[in-house]
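S.K.: need coordinates for the below:
(chains A and B)
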Number of protein chains: 2
Amino acid sequence: MINKSFANVLRRLRKEKQLSQEQFGFQADLHRTYVSQLERGLKSPSLTTLHKITLVLDTNLTELMSLVEQENDA
Amino acid sequence: MINKSFANVLRRLRKEKQLSQEQFGFQADLHRTYVSQLERGLKSPSLTTLHKITLVLDTNLTELMSLVEQENDA
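M.R.: All right, here's what the predicted structure looks like:
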C-alpha cells in the first residue's frame, strides 16, 4: 500500500523532470529494472535509496514523504 | 550518513515512548536484533519498515523524515 503510493509519486516526479527510467536510474545510481520495479510498487526502497532519489528529483525526504502520504490518503 | 541520522532519531523516539528495543520490536513486528542494527545505523530500513515504525511511534513518515533531516543537518 505505502509502496504503491510511493510508486505513483516516483513515476509522476520522474516524468515531471522529463527523464526516462533509464536516465533517472543513471542519475540516481539505480538499475533501470529496479526503477521499473519501484514504479510498480514491487519493491520497497531503503532509506539510502530514498535519499539518492531525492537528490535527483531536487527534493528532500520530508517533501517526498509528504507527497507519498497525500497519495496514500487519497 | 542518512542511516546514522535515522538511527539517532529512532533511539530517541523509542526511549521517549519508554519502550525497550524488545518491546518496540514486538509492537513494530521487527526482530530485536534488527532494531539494534537500525539504532546503530548498520541497516537501512525499507519504506515498509519505516511505515511500521511510524505506527508504533504515533507519528507519520513526513514527521519522521523531518526529524531525520534535522538530525542530518545538525
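S.K.: how far away is the residue most central in space within chain A from residue A:43?
M.R.: Central residue of chain A (Cα atoms, centre = their mean): residue A:10, 3.2 Å from the mean position. In this view, residue A:10 and residue A:43 are 11 Å apart by Cβ to Cβ, to the nearest Å. Where you see a C-beta, it was placed from the backbone N, CA and C, and this is true even at glycine.
S.K.: ok, now residue A:56?
M.R.: Distance from residue A:56 to residue A:43, counting by Cβ to Cβ: 17 Å.
S.K.: and residue A:64, by the same measure?
M.R.: To residue A:43, residue A:64 is 16 Å away according to Cβ to Cβ.
S.K.: and chain A, which residues reach chain B?
M.R.: Residues of chain A lying near chain B by Cβ under 8 Å from any Cβ of the partner chain: A:2-3, A:6, A:44-51, A:60-62, A:64-66, A:68-69.
S.K.: and those residues, which are buried?
M.R.: Neighbour-count burial (16 or more other Cβ atoms under 10 Å in any protein chain shown) applied to the residues of chain A next to chain B gives A:2-3, A:6, A:44-47, A:49-51, A:60-62, A:64-66, A:68-69.
S.K.: which stretches of chain A form strands?
M.R.: Per DSSP state E, chain A carries no strands over any range.
S.K.: identify the single longest helix in it, thanks.
M.R.: Longest helix of chain A, by residue count under DSSP state H: helix A:2-16.
S.K.: what lies in contact with that one?
M.R.: Helix A:2-16 has contacts (Cβ atoms under 8 Å, 6 or more residues apart in numbering or on different chains) with A:21, A:24, A:35, A:38-45, A:53, A:57, A:59, A:64, A:67-69, A:71-72, B:47-48, B:51, B:61.
S.K.: same check, this time on stretch A:23-32
M.R.: Residues outside stretch A:23-32 that contact it (Cβ under 8 Å, 6+ apart): A:14, A:17, A:19, A:21-22, A:34-35, A:38, A:49, A:52-53, A:55-56.
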